[in-house]
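Undergrad: structure for the following, please:
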Amino acid sequence: MRGLIAAVVAALLGAGCTTAGADRPFTPGQAKAVPTAVAGPAATESIVVGPKTKVLVERPVVTDPRHAELLKAFTDVYAGMWRAVVTGDESYLSRVDDPGGREATDWVLSFEDRSVRGTARVFAMNVTAIMDGGAEVNACVDETRMRLLSGRGGVAVPDQPAWTRAAYLQAMVLSRGDDGVWRVRDFRHGKEGCSR
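TA: Model prediction:
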C-alpha cells in the first residue's frame, strides 16, 4: 500500500498540485527550503487514540505561527487516522483533501477487522517547504512499539507488518483552503534518515 501511495504522490508532485483557495498550484519542489525555526527543545505531547493506544509527539517549539499550524495539522491527521483504525472515529476526514483524502480512507479501510495497540512516536518534525497556499511537513515516525491485532479478541497477529520493525520518514503535502484550514492533499514515505 505504501509503495502504491508513494508512486501516486510522486506522479502528482511531478505534475503539480492544485490548491484549494490558492491562486496558483503548489509543488514542494518549487518552494525554497524553509527548515522549521526552533525556539527551544522539543516538548513531548501524548495523544490518546484508543484503549491502550497512543501517539507520542516530540513537537519542536517554533517561532513562526504558520509552522506551528502546519505541525499541528500533521499530528492531527496522523493521530486521527490511527484513531479511526482503533475506534472508527472519522473526524480526521475534515483535515484531508483529495487525493490525500482517498488515500487516507483506503489506508484506514485496509485494516478491515483488525486494530492496533501500543505507542507510536513522531519526532524530528520539520516544515520543509512553504509557498503561497501550500506546504510540506516531514517527520520521523516510529511504530515499532505498536502491534497489529486480529479482530478476534484483540490478539497480536503472528506475522507483524514491516512498519512495526523500523522508523520511517513520513511527509505530508498540505494546502490551505479558503476557510484558512490546512489540509493534507498527499502523503509520501521514505526509509532513510530516521534511525534512532
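Undergrad: distance of the nearest residue to P161 once chain neighbours are set aside relative to E136?
TA: Nearest-residue entry for P161: L148, 5.9 Å, with adjacent residues in sequence omitted and distances by C-beta to C-beta, 6 or more residues apart in numbering. (Each C-beta comes from the backbone N, C-alpha and C, glycine too.) Separation of L148 from E136 (C-beta to C-beta, to the nearest Å): 29 Å.
Undergrad: more crowded one of those two?
TA: The residue with more neighbours, out of L148 and E136, is E136; 26 against 19, by other C-beta atoms under 10 Å.
Undergrad: show me the shaky parts of the protein.
TA: For the chain, the stretches flagged by pLDDT under 70 are 1-41, 152-153, 196.
Undergrad: still on that earlier bit, what's the helix or strand for the residue nearest to P161?
TA: According to DSSP states H and E, L148 maps onto strand 134-149.
Undergrad: elements contacting the next helix or strand after that strand?
TA: Toward the C-terminal end, the helix or strand that comes next after strand 134-149 (DSSP H and E) is strand 168-176. Here strand 168-176 touches helix 65-87, strand 134-149, strand 182-190, going by 3 or more C-beta pairs under 8 Å, 6 or more residues apart in numbering; DSSP states H and E.
Undergrad: make CSV out of the ones you listed and add distance to L169.
TA: Formatted as CSV, the helices and strands packed on strand 168-176 follow (distance: least, C-beta to C-beta, whole Å):
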stretch, distance to L169
helix 65-87, 12
strand 134-149, 6
strand 182-190, 4
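Undergrad: wait, which of the ones you listed is closest to V116?
TA: Comparing the helices and strands packed on strand 168-176 against V116 with C-beta to C-beta, the closest turns out to be strand 134-149 (5.2 Å).
Undergrad: so what's the residue nearest the centre of the chain closest to, chain neighbours aside?
TA: Nearest residue to the geometric centre of the chain (C-alpha atoms, centre = their mean): Y78, 4.1 Å. Among residues not flanking Y78 along the chain, V122 sits closest, at 6.3 Å (C-beta to C-beta, 6+ apart).
Undergrad: can you state the direction angle for the helix or strand containing R117 and strand 168-176?
TA: Per DSSP H and E: R117 is located in strand 115-131. Angle of strand 115-131 versus strand 168-176, following axes from the mean of the first three to the mean of the last three C-alpha atoms, to 10 degrees, is 60 degrees.
Undergrad: circling back to that earlier point, gap between the residue nearest to P161 and Y78?
TA: Distance, L148 to Y78, by C-beta to C-beta: 17 Å.
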